[in-house]
Structures are given as structure tokens and as C-alpha cells.
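Novice: generate a structure from the sequence data that follows.
(one chain, ligands or ions: 1)
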Amino acid sequence: MNSIHSQSKEIAEVFIKSSYSVAFTGAGISAESGIPPFRGEGGIWSRYNPEVLELDFFFRQPFKSWAVIKEIFYDFFQDVKPNAGHNVLAKWEMEGLLHALITQNIDNLHQKAGNHEVYEFHGTTSRLICTYCNNIFSSESVLLEQLPPRCADCNGLLKPDFIFFGEGIPEKAYQQSIDAARKCKVFLIIGTSGEVSPANQIPALAKESGAVIIEINKEPSMYTNRISDYFLQGSAGEILSLIDHHIQSKKENHS
Ligand code: APR
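Specialist: Coordinates of the predicted model:
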């Protein structure tokens, strides 16, 4: 594949012409905000036991599970900010270049950057749900000093509204993601290893529907030699900014 520069120039052209473009993001886009990815060197699962996100462990040991969940997903996530990669995707939505964003991330950074059409395939840390009466609370409104947190209405055990291992994908986000993958002309895969199903079926669906697949990742992934038409190796923030630079200069030349 030819150089990043010439590929990103070509991609800018493809992107501007696309009538419906979708981005599909994973932990890699949030790495530059300081959130470690799940796998690979320094990944979350190399430092914490993933059992804390197994449903039966959570119900058997709610205190132990919540103590780790709070440390990983709340104490630390609270003050992380969107980075250049998030900001470019928000700009493209505002400019009508990006029509939907499917994310596996639960850090709410795409919404903080300004994207509205966001399908949270694995849920989000920004809401807690009561495991008894299903009431929803914004995580900011619940004090996590007292663990495990309890529902203000029925005193039931609260759970973060992201999926634990063994849990199903949120129905609405799943359907919206399938619909978007089916109708898109350009599908951007950004910062995801492709190791986790059923999320990794969504890019395959976009490919089958005839979309141009553009992948941005620091390393080759499960998609690279299978479905990606373009593979731009490097950091998401830098590469998305480079593509945006080419888009803006093409728009200036056409205006
Ligand atoms: N820019 C681009 N890509 C990056 C960057 C970066 N700065 N940093 C890391 N990456 C890439 C890595 O090369 C890797 O391919 O991001 C990917 C992160 O992969 P994972 O850690 O497996 O994250 P993800 O694919 O999102 O995992 C999917 O697994 O544990 C579950 O629910 C969790 O949503 C998560 C799911």
C-alpha cells in the first residue's frame, strides 16, 4: 500500500463523495486521551482480572467487583478529555461528512467531543441501571463513596450500564449499527483489534454491503488483510487530522 500521505489524499476524495459514511471505533481512539486499551502491552486486562466484569461474579461479590470497576472506569475516567481523533469525528458530523458513529468504547468521549449520532455497542459508563427495578441514573448523580451503590427508589444493586462479559448487546444500538453498516458507502474502522464479537461482525457487514473500508490502527488488526481497502498505520489522532487537512484543502479548491 502506498504512503500515508497519498492514501489520505485519496481517502479525502472518497470521503467527500460519499453520501453516507460511518465510523466504527475501539479503545485505540481513546488511547491518546490516556485511557489504556484493553489488550496488548499495558492493557487493562494485563493489570486487572477480567472476572470483575463477569455477571455472576458481580452478583456474588458486588463490593469487590464495584471496587475495581470504580477504580478503572470512574475514578480514572472522570477527568479524561476527548483528543484530536474524537474532535475530527465530531467536526465531520457537524459538516455533514459523517452520518453515524458506532463505538465499542464506554468512555462517553465521542459525545463529550460533540457527536450526537452515536451508537454505544457496549453501553456506557455514564449511566447506572438498577438491577432490580431497571431505573436509570446518570453516574454523576450517584455518589460512589458507599459501595456497592444502591437504587434511590428500591435500594436494588446498581450496575454500570455497559455490558459485562456474557451480557447481550443493547438491542437498539445493535439494530442501529446493523442498519448503518448496511447502507454506508464509506466505513472507517478506527483503533480496534477486531478480537471481540459480535462487534467485529459489523465491519464485515459494511464490507458485504459494498462499502469502502478504511482502517486506521497503530498495528495491523483482524481486519487489515481481510476486509480493509485502505490501511493507514499510525495514531488515530494524527491520521484523522491529516485526512481532515486534505478534505479542507479540497473544499477550498472547489469553493
Ligand atoms: N491509534 C490507533 N490505534 C491504536 C492506538 C492509537 N493511538 N492505540 C492503540 N491502538 C489500537 C491497537 O493496535 C489495537 O488494535 O487499538 C486497538 C485496541 O484493541 P483492544 O484493546 O482489543 O480494544 P477494542 O478492539 O476496542 O476491544 C473491543 O473488548 O474488552 C472488550 O468491551 C471491551 O470494547 C472492548 C472490546
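Novice: quick one: terminal-to-terminal distance for stretch 186-201?
Specialist: End-to-end distance of stretch 186-201: 16 Å, with CA to CA, to the nearest Å as the criterion.
Novice: and what of stretch 181-191?
Specialist: Start and end residues of stretch 181-191 are separated by 17 Å (CA to CA).
Novice: so which bits of it are buried?
Specialist: A181, C184, K185, V186, F187, L188, I189, I190, G191 (16 or more other CB atoms under 10 Å). From N, CA and C alone the C-beta is placed, and that goes for glycine too.
Novice: how near is the fourth one to the ligand?
Specialist: As for V186, its distance to the ligand is 18 Å (criterion: CB to the nearest ligand atom, to the nearest Å).
Novice: phi, psi of that residue?
Specialist: phi -130, psi 130 (degrees, to the nearest 10).
Novice: can you check G123 too?
Specialist: Torsion angles, degrees, to the nearest 10, at G123: phi 80, psi -160.
Novice: buried residues in stretch 220-237, which are they?
Specialist: Buried, per 16+ other CB under 10 Å, within stretch 220-237: S221, Y223, T224, I227, S228, Y230, F231, L232, S235, A236, G237.
Novice: how about stretch 106-124?
Specialist: The neighbour-count check on stretch 106-124 (16+ other CB under 10 Å) flags 106-113, 115, 118-124 as buried.
Novice: between these, which sits nearest the ligand?
Specialist: H122 (4.7 Å; CB to the nearest ligand atom).
Novice: which residues touch the closest one?
Specialist: H122 makes contact with Q104, N105, I106, F162, I163, I169, A199 under the criterion CB atoms under 8 Å, 6 or more residues apart in numbering.
Novice: restrict those to those near the ligand?
Specialist: With CB under 6 Å from any ligand atom as the criterion, those include Q104 near the ligand.
Novice: pipe the contacts of H122 into CSV and attach secondary structure and distance to S65 per row.
Specialist: Below are the contacts of H122 laid out as CSV (DSSP: H, G, I helix; E, B strand; the rest coil; distance: CB to CB, whole Å):
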residue, secondary structure, distance to S65
Q104, coil, 21
N105, coil, 20
I106, coil, 16
F162, strand, 13
I163, coil, 14
I169, coil, 21
A199, coil, 23
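Novice: ok so, going back, what's the farthest-apart pair in the buried residues of stretch 220-237?
Specialist: I227 and G237 (23.5 Å; CB to CB).
Novice: which intervals of this structure have sub-threshold pLDDT?
Specialist: Residue ranges of the chain with pLDDT under 70: 1-2, 255.
Novice: for the longest helix belonging to it, name the packing helices and strands.
Specialist: In the chain, with assignment by DSSP state H, the single longest helix is helix 236-254. When contacts are defined as 3 or more CB pairs under 8 Å, 6 or more residues apart in numbering; DSSP states H and E, helix 236-254 sits against helix 4-17, helix 28-31, helix 84-94, strand 212-217.
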